[in-house]
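Visitor: okay, predicted coordinates and the sequence, questions at the end:
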Amino acid sequence: MKTGGQLVVEALIANGVKRISCVPGESYLAVLDALYDTDIDVVVCRQEGGAAMMADTWGRLTGEPGICMVTRGPGATNASAGLHVARQDSIPMILFIGQVQRDAREREAFQEIEYRRALTEVAKWVGEIDDPARIPEFVTRAFAVATSGRPGPVVLTLPEDMLTESTEAPAARPYQPVESHPGESQIARLADLLAEAKRPIAIIGGTRWSAESVAEFQQFAERWHLPVGCSFRRQMLFDHLHPSYAGDVGIGVSPALAKEIKEADLVLLLGGRFSEMPSSSYTLLDVPYPKQTLVHVHPDPSELGRVYRPDLAIAASPRDFVAALAGIEPSVTPVWAQRTAAMHETYLKWSTPPETGPGEVQMGPIMNWIEANTAPDAIFTNGAGNYATWLHRFHRFRRYGTQAAPASGSMGYGLPAAVAAKQLHPRREVICFAGDGCFLMHGQEFATAVRYVLPIIVLVINNGIYGTIRMHQEREYPGRVSATDLTNPDFAALARAYGGHGETVERTEEFAEAFLRARASGRPAIIEIKLDPEAITPTRTLSEIRKG
Ligand SMILES: Cc1ncc(C[n+]2csc(CCOP(=O)(O)OP(=O)(O)O)c2C)c(N)n1
């Protein structure tokens with residue numbers, strides 16, 4: 001006989017879980033008690049949104065569901081911020097929520113929410129476990145649902161009295177990942193389409209990749225001299241110094257690359273949905289019938305034809321699809337080989353930062369310094385804000401597993417992501433880019449970094465405004481500043497107050513020393529970079545945007 005709490009933990013162990021993030025609650029004390037006797041690393045966080053985002057990062061970087069536990073009502077609503085990221089970004093994750101006792105349901109008991117109604121839109125599946133004997137069934141299904149097809153977050157809710165009830169249950173067994181292979185005829189058709197094409201391009205994105213599949217795809221691109229763009233915030237999928245790399249197809253795509261996509265005769269969309277941000281608000285491909293011949297490869301058949309009607313639709317995960325590409329080769333050097341080389345040259349120019357800009361701190365030289373002084377396996381995280389442009393446009397990602405960034409555009413993601421990434425890879429450098437707005441959305445997780453001695457380096461790019469929104473505001477309503485000014489703490493002092501290392505950079509030349517001191521401190525560090533609000537984009541100032 002075992003309690004529900006014990007059965008939940010046994011099912012997690014059976015599925016290989018090593019680590020969970022949580023904020024505790026009285027609603028799931030029995031699970032916390034069962035964790036006491038295990039080796040599972042329980043990461044205690046300061047707010048459930050951050051806890052859920054940490055689980056998202058584990059899922060993002062490993063492909064296995066990240067696990068998060070929170071309490072009912074306010075814990076669950078806080079955590080929904082992380083659920084939304086995992087849902088939009090197709091990340092496997094399981095969120096356990098304590099629930100009111102079974103005989104109090106539907107009375108609006110203390111902190112009661114009916115999660116199957118409330119969270120259906122932000123979770124792939126929401127289940128409530130009424131009978132402790134069914135815990136192994138529910139938990140193993142949660143792993144399968146979270147990882148299969150288009151991955152996503154699953155919510156399992158745990159009524160408090162169910163967790164303390166004792167029962168006999170079958171031992172949980174590990175889930176089997178569901179693979180999906182392309183058909184031989186589909187690969188042959190792709191080879192024909194490539195042979196007929198004059199101006200093809202591949203745009204890769206989504207999840208269900210691995211270091212091996214990224215390398216395999218790179219070899220395919222090499223054999224075919226195929227230009228490759230990475231979808232918004234999926235840059236770790238292709239080495240930016242590879243001669244096939246054509247650039248980031250995200251917010252602020254280079255005009256030259258956008259033109260190439262519009263004028264392409266064959267587009268291979270691999271892994272992603274090509275949603276609003278990568279598609280420049282659905283203008284790069286016409287909806288529903290693109291002018292370009294479209295090959296769409298996605299692990300979930302229901303995503304194929306949902307927005308764009310493909311000429312060739314292949315339901316396969318990137319891993320399985322890429323493995324099947326090994327068999328196809330061009331018979332002669334493709335006619336577009338020179339175009340690909342030119343596209344890479346254009347990318348290299350586009351991703352060379354400007355030397356100058358308004359104010360005493362120049363982000364261009366700072367980016368150059370970071371490029372020259374960090375290893376190719378360093379992990380970069382960020383949330384949302386104009387500051388992220390510096391990272392996305394000028395950092396040349398080299399390897400799979402080096403990026404944790406929300407395609408969903410959620411502020412506050414970068415810091416919890418950095419904490420989670422450092423736990424996975426303690427020997428690799430983890431650098432978080434944050435704005436002054438973004439950082440304080442989940443800034444309290446800096447305490448988590450201090451607690452677990454995780455020497456991450458957080459660059460808080462402080463321009464004193466919610467810059468992205470100010471930029472849009474000045475464009476749409478010039479000179480009418482409304483709700484976009486901020487009053488900030490001293491971020492370096494804040495880092496020290498938490499027990500971390502703090503630096504303030506007010507001039508470009510101070511950055512290198514500040515970074516090296518932060519690195520040498522061996523503690524979580526914040527480097528506040530005081531950026532002139534005029535430096536709102538790498539190329540246009542706020543005043544220029546106001547003038548229109
Ligand atoms: C959770 C969340 N709230 C609000 C927004 C809308 N939003 C997008 S960017 C942004 C401003 C970001 O400011 P900051 O982090 O200071 O970066 P900056 O743009 O100034 O570089 C806001 C409010 C969002 N994307 N996510």
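Guide: Cool, got the structure. Since we're looking at a predicted model, the values are computed, not measured.
Visitor: around the ligand, which positions in the protein sit nearby?
Guide: Within the chain, the positions adjacent to the ligand are 384-387, 409-412, 435-438, 461, 463, 465-469 by Cβ under 6 Å from any ligand atom. Quick note: C-beta positions are derived from backbone N, CA and C, even for glycine.
Visitor: from the residues you listed, which ones fall inside helices?
Guide: Of the residues of the chain next to the ligand, the ones assigned to helices by DSSP state H are Asp436, Gly437, Cys438, Gly467, Thr468, Ile469.
Visitor: does the fourth one touch Pro533 like I think?
Guide: Yes: using Cβ atoms under 8 Å, Gly467 and Pro533 qualify as a contacting pair, with a distance of 6.8 Å.
Visitor: compare these two (neighbour count), which wins?
Guide: The neighbour count for Gly467 versus Pro533, taken as other Cβ atoms under 10 Å, is higher for Gly467 (26 against 19).
Visitor: from Trp390, how far out is that one?
Guide: According to Cβ to Cβ, to the nearest Å, Gly467 and Trp390 sit 12 Å apart.
Visitor: also Gln362?
Guide: Plainly put, Gln362 is 11 Å away from Trp390 if you go by Cβ to Cβ.
Visitor: same deal with Phe110?
Guide: From Phe110 over to Trp390 the distance is 46 Å, taken as Cβ to Cβ.
Visitor: before we move on, what about His225?
Guide: Relative to Trp390, and taking Cβ to Cβ, His225 is found at 31 Å.
Visitor: so these two - more neighbours on which side?
Guide: Legend: neighbour count by other Cβ under 10 Å for His225 and Trp390, higher for Trp390 (24 against 19).
Visitor: identify the residues contacting Gly183.
Guide: Counting by Cβ atoms under 8 Å, 6 or more residues apart in numbering, Gly183 touches Ile314.
Visitor: looking at the stretch 251-400 of the chain, which residue is nearest the ligand?
Guide: Closest residue of the stretch 251-400 of the chain to the ligand, Cβ to the nearest ligand atom: Gly385 (2.5 Å).
Visitor: pLDDT wise, what is that residue at?
Guide: Among the per-residue scores, Gly385 holds a pLDDT of 98.
Visitor: wait, doesn't it sit right on Ser410?
Guide: No: the pair Gly385 / Ser410 is not scored as a contact, 10.8 Å apart, by Cβ under 8 Å.
Visitor: report the buried residues of stretch 473-486.
Guide: Residues of stretch 473-486 classed as buried by neighbour count (16 or more other Cβ atoms under 10 Å): Gln473, Glu474, Thr484.
Visitor: okay, strands next: where are they in the stretch 201-350 of the chain?
Guide: 228-231, 245-249, 266-270, 293-298, 312-315 (DSSP state E, counting those that start in this stretch).
Visitor: of these, which is nearest Arg540?
Guide: Closest approach to Arg540 among the strands of the stretch 201-350 of the chain is made by strand 245-249 (18.3 Å; Cβ to Cβ).
Visitor: who does the closest one pair with, and is each partner parallel or antiparallel?
Guide: strand 228-231 (parallel) (DSSP bridges).
Visitor: mean confidence for the partner strand?
Guide: On average, strand 228-231 scores 98.
Visitor: and it, how far from the chain's centre?
Guide: Taking Cα atoms, centre = their mean, to the nearest Å, one finds strand 228-231 lying 15 Å from the centre of the chain it belongs to.
Visitor: show residues contacting that strand.
Guide: 201-206, 217, 221, 237-238, 242, 244-250, 257, 261, 271-272, 274, 278, 397, 407.
Visitor: go again with 6 Å.
Guide: 202-205, 221, 237-238, 244-249, 272, 278 (Cβ atoms under 6 Å, 6 or more residues apart in numbering).
Visitor: span of stretch 258-272 from start to end?
Guide: Criterion Cα to Cα, to the nearest Å; first-to-last residue distance in stretch 258-272 is 17 Å.
Visitor: can you list the domain ranges for this protein.
Guide: Domain segmentation of the chain under automatic domain parsing yields 2-167, 184-342, 352-547.
Visitor: so where's the stretch 51-200 of the chain uncertain?
Guide: Across the stretch 51-200 of the chain, not a single residue meets the criterion (pLDDT under 70).
Visitor: now do the strands in it.
Guide: Counting by DSSP E, counting those that start in this stretch, the strands of the stretch 51-200 of the chain are 66-70, 93-99, 125-128, 153-159, 166-167, 200-204.
Visitor: gap between the residue nearest to Trp224 when sequence neighbours are not counted and Gln88?
Guide: Nearest non-adjacent residue to Trp224, counting by Cβ to Cβ, 6 or more residues apart in numbering: Pro330, 5.5 Å away. To Gln88, Pro330 is 36 Å away according to Cβ to Cβ.
Visitor: between those two, which is the more surrounded one?
Guide: The neighbour count for Pro330 versus Gln88, taken as other Cβ under 10 Å, is higher for Gln88 (18 against 15).
Visitor: which residues does the more buried one contact?
Guide: Residues near Gln88 by Cβ under 6 Å, 6+ apart: Ser408.
Visitor: tell me which of the strands of the stretch 201-350 of the chain sits nearest to Arg427.
Guide: Across these, Arg427 has its closest neighbour in strand 228-231 (25.8 Å, Cβ to Cβ).
Visitor: in the closest one, what's buried?
Guide: Val228, Gly229, Cys230, Ser231.
Visitor: what is the burial count for the closest residue to the last one other than its chain neighbours?
Guide: Right, the one you point to is Ser231. Nearest-residue entry for Ser231: Gly205, 2.9 Å, with adjacent residues in sequence omitted and distances by Cβ to Cβ, 6+ apart. Using other Cβ under 10 Å as the criterion, Gly205 is surrounded by 27 other residues.
Visitor: so which other helices or strands are in contact with the one helix or strand Ala512 maps to?
Guide: In this assignment (DSSP states H and E), Ala512 forms part of helix 511-521. Judged by 3 or more Cβ pairs under 6 Å, 6 or more residues apart in numbering; DSSP states H and E, the packing partners of helix 511-521 are strand 501-505, strand 525-530.
Visitor: tell me the spacing between the nearest residue to Leu32 once chain neighbours are set aside and the ligand.
Guide: Once flanking residues are discounted, Leu32 sits nearest to Pro24: 5.9 Å by Cβ to Cβ, 6+ apart. Distance of Pro24 to the ligand, given as Cβ to the nearest ligand atom, to the nearest Å: 24 Å.
Visitor: now do the SS call for Pro24.
Guide: The three-state assignment at Pro24 reads coil, by DSSP: H, G, I helix; E, B strand; the rest coil.
Visitor: so what pLDDT did it get?
Guide: Pro24 is assigned a predicted lDDT (pLDDT) of 98.
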